[in-house]
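**Student:** here's a sequence, model it:
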Amino acid sequence: LKPRAKAASAQQPEKQPTVSKPHTVDPEKLEIWRSLPESERNALREREAIRMFQRAATSHRAGDMAAAVEAYGKSLLLNPKQPDVYNNMGVALRSLGKLEAAIACYRRALVLKPNNAGVYSNMGNALREIGRLETAMASHQQAVKLSPKSTEAYYNLGLVLRDLGQTDAALSCFDRALDLDETHVDCQWDRALTLLEMGDLKAGFEAYEWRWKLDRSPPRTFDVPMWDGSELNGKTVLVHHEQGFGDMIQFARYLPMIKERGGQVVVETQPELARVFGTVKGIAKIYNRDQTPPKHDFYISMMSLARIFGTEQATIPAKVPYISAPDSNAVQLPPSLGKIKRVGIAWAGRPTHRNDRNRSAGFKHFIEILGLPGISVFSLQKGPASGDISNFGCDALVTNLSGRINDFADTAAILSQLDLVITVDTALAHMAGAMGVTTWVAVPFAPDWRWMRGKDTTPWYPSMRLFRQKRHGAWEGVFSDIRRALRDHIAEG
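**Tutor:** Numbering: from 1, shown residues only. Coordinates of the predicted model:
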C-alpha cells in the first residue's frame, strides 16, 4: 500500500538566516575600566586569571580536556606569567594527542620557572611519544639532576633509555626508582618487560606477575586454587584468556605441556580463536569468556604459563607447527601460474594497541614490493586499514582477502597456501610463526619485549626473520632490506 499523500500546507514565509551580532564593548564600562588606577586593573586581571585557572582545573579533573585547554588559554591571556598554568595546559594537550603544542607549553613554563623537575619530566614524556628520544633523554636527565630523590624522574628516564636500546642503563634507573619506592607498580612492570627484552626470561617472567597490580589489568578470580605447576594426576586446569590474539597464539605452545603433567586442559579463548585452537594438542575443551566454564580443579592465566614452566631462552618450546588450519579449504586462493610465489601481507595492527603508533608501518611502504615480478600478493589486513589498497590505487596489484576472513581459522587456511608472509608486529605474525610458515616481520626500533634486541631471528619462531628499524620511525630502510631479500627469495625459486 502506498502512503496517503499529505494535504498541501499553506505556503510559509521563508525563514531568514540568523545573523549573530558583532561583539561590542559597552563604552560606559570601558570608560570605567580606564578610569581605574593601574594597580587596581592589574588586581582585577589577576583575580580573573585565577578564576579561569580554577575553572580549567575543574574541567581537567573531570576529564574534559578540551574545555580545560580553552580555560587555561584564557587565564594565560589575562596573565601570561603563570608557569603552572602552562604546565597544566601541556598535560591537557598531551592527553588530546597535541604533542607539539604540549611541548611548546612545557618550554614556556621552563622559561618562567627554569628548575622545575616535574615540567622536565612531562616534556620528556611528550618528546618520547613523538619519537624524539635523544632530546627526551636529555630532558629526563635534567629532571633527575634537579630531583635526585624522585621515583618518577628515574622511572621516566628508564623508559626512554630502554627505547634507545640502552637496556642495562634502563634497568639501573628502574632499580633506583624502586629503591625509593618499591610499591611503584608501573616501574615494577616495566622492569619486567626490560628483563624480557634483554633475554633474561626466567627473571622476567617472575617479575611479569606484577601486571596483576596494574589498574588496567585486574586479576581474574575463580572458586578453585591457582595451579602452581605440580603434577595433576588427572585433575583439570582451566587456562583463562589474557591480553590480545597474538599473546594467546604465542603462549598456546605451553598447553600440551600441561597435558604432560597428567592433567586435562580447558581453555578460555576469544571467539575468533576458538576454531583454530581446536588444532592445538592436549586441549580437552574450549569455551568463550561469555560462557559458563566447564568444571575444573585449578586455574592459571595463559601468560603465566611461561613462568610455571621455568622458561629460559634455551628451553622455549619452539617446535612448529603447533597450530594448523582446521579446514585448509575454507578459503581457496586462485591457482598460481608457473613459479609464482604467493606472498601474504599486513601493514597495521589493532589501532587500540598501546604501541600501535610505532609498530604499524602503513601500506605505502609495502607498495615498494608490489612491483617485483614473480609474486602474487594477498592482503590479510583486517579492519579499516584494509581500505588502504583502494585508497592508494593498488587494487590490481593486491588481492584483498579481508572480506573472506571471519576468524583465525580462515586466516590459517590462507596461510597454509602461502609461500611467504611479510607483516608488521601483529597477531598475523604469531599465527604464521606458530604454523611454521616462512615469515618476515618489520620490527620498530623500540621493539616489543618478545623480539628482544639485535638479532634477525627469534627463539620463539624458527621460521621467522626480523627486519629491524635502525632508528626510531625509519621504515624506509626496513623495506629496502625487505625488497632486496624478497628479490633474492624469488631468484632462489
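**Student:** when you work out contacts or count neighbours from here on, use the C-alpha atoms and nothing else.
**Tutor:** Noted.
**Student:** mind pulling up the pLDDT for residue 354?
**Tutor:** Residue 354 carries a pLDDT value of 70.
**Student:** one more: the one 4 residues further on?
**Tutor:** You'll see residue 358 listed with a pLDDT of 81.
**Student:** for it, which non-adjacent residue is closest in space?
**Tutor:** Of all residues not flanking residue 358 in the chain, residue 444 sits nearest, at 6.2 Å (Cα to Cα, 6 or more residues apart in numbering).
**Student:** same question, residue 318
**Tutor:** Counting by Cα to Cα, 6+ apart, residue 318 lies nearest to residue 460, which is 5.7 Å off, once chain neighbours are set aside.
**Student:** the one you found belongs to a helix?
**Tutor:** No - looking at residue 460 with DSSP: H, G, I helix; E, B strand; the rest coil, it is coil, so not inside a helix.
**Student:** can you count the residues close to it?
**Tutor:** Using other Cα atoms under 10 Å, residue 460 has 21 neighbouring residues.
**Student:** and it, how far from residue 267?
**Tutor:** 21 Å (Cα to Cα, to the nearest Å).
**Student:** for residue 142, same thing?
**Tutor:** Counting by Cα to Cα, the gap from residue 142 to residue 267 is 49 Å.
**Student:** show me which of those two is the more surrounded one.
**Tutor:** Per other Cα under 10 Å, whichever of residue 142 and residue 267 has more neighbours is residue 267, with 27 against 20.
**Student:** so the more buried one versus residue 56, what's the distance?
**Tutor:** As judged by Cα to Cα, residue 267 and residue 56 stand 49 Å apart.
**Student:** pretty sure the residue nearest to residue 358 contacts residue 472?
**Tutor:** Yes - if you go by Cα atoms under 8 Å, residue 444 and residue 472 touch, sitting 7.0 Å apart.
**Student:** give me the number of residues near the nearest residue to residue 363 once chain neighbours are set aside?
**Tutor:** In space, and not counting its chain neighbours, residue 363 is closest to residue 347: 5.6 Å by Cα to Cα, 6+ apart. Residue 347 is flanked by 25 other residues according to other Cα under 10 Å.
**Student:** could you pull up the contacting residues of residue 347?
**Tutor:** Contacts here follow Cα atoms under 8 Å, 6 or more residues apart in numbering; on that basis residue 347 touches 360, 361, 362, 363, 366, 381, 423, 424.
**Student:** redo that, cut-off 10 Å
**Tutor:** Contacts for residue 347 (Cα atoms under 10 Å, 6 or more residues apart in numbering) come out as 359-366, 379-382, 385-386, 388, 422-426, 442.
**Student:** just the buried members of the residues you listed?
**Tutor:** 359-363, 366, 379-382, 385-386, 388, 422-426, 442 (16 or more other Cα atoms under 10 Å).
**Student:** which of these fall within helices?
**Tutor:** 359, 363, 366, 388 (DSSP state H).
**Student:** reformat those residues as CSV; add distance to residue 147.
**Tutor:** Output for these, formatted as CSV (distance: Cα to Cα, whole Å):
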residue, distance to residue 147
359, 33
363, 44
366, 46
388, 47
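**Student:** just those now: which is nearest residue 466?
**Tutor:** Within those, proximity to residue 466 (Cα to Cα) peaks at residue 359, which comes in at 13.0 Å.
**Student:** now the strands: where do they sit in the stretch 101-250 of the chain?
**Tutor:** In the stretch 101-250 of the chain, the strands defined using DSSP state E, counting those that start in this stretch lie at 236-240.
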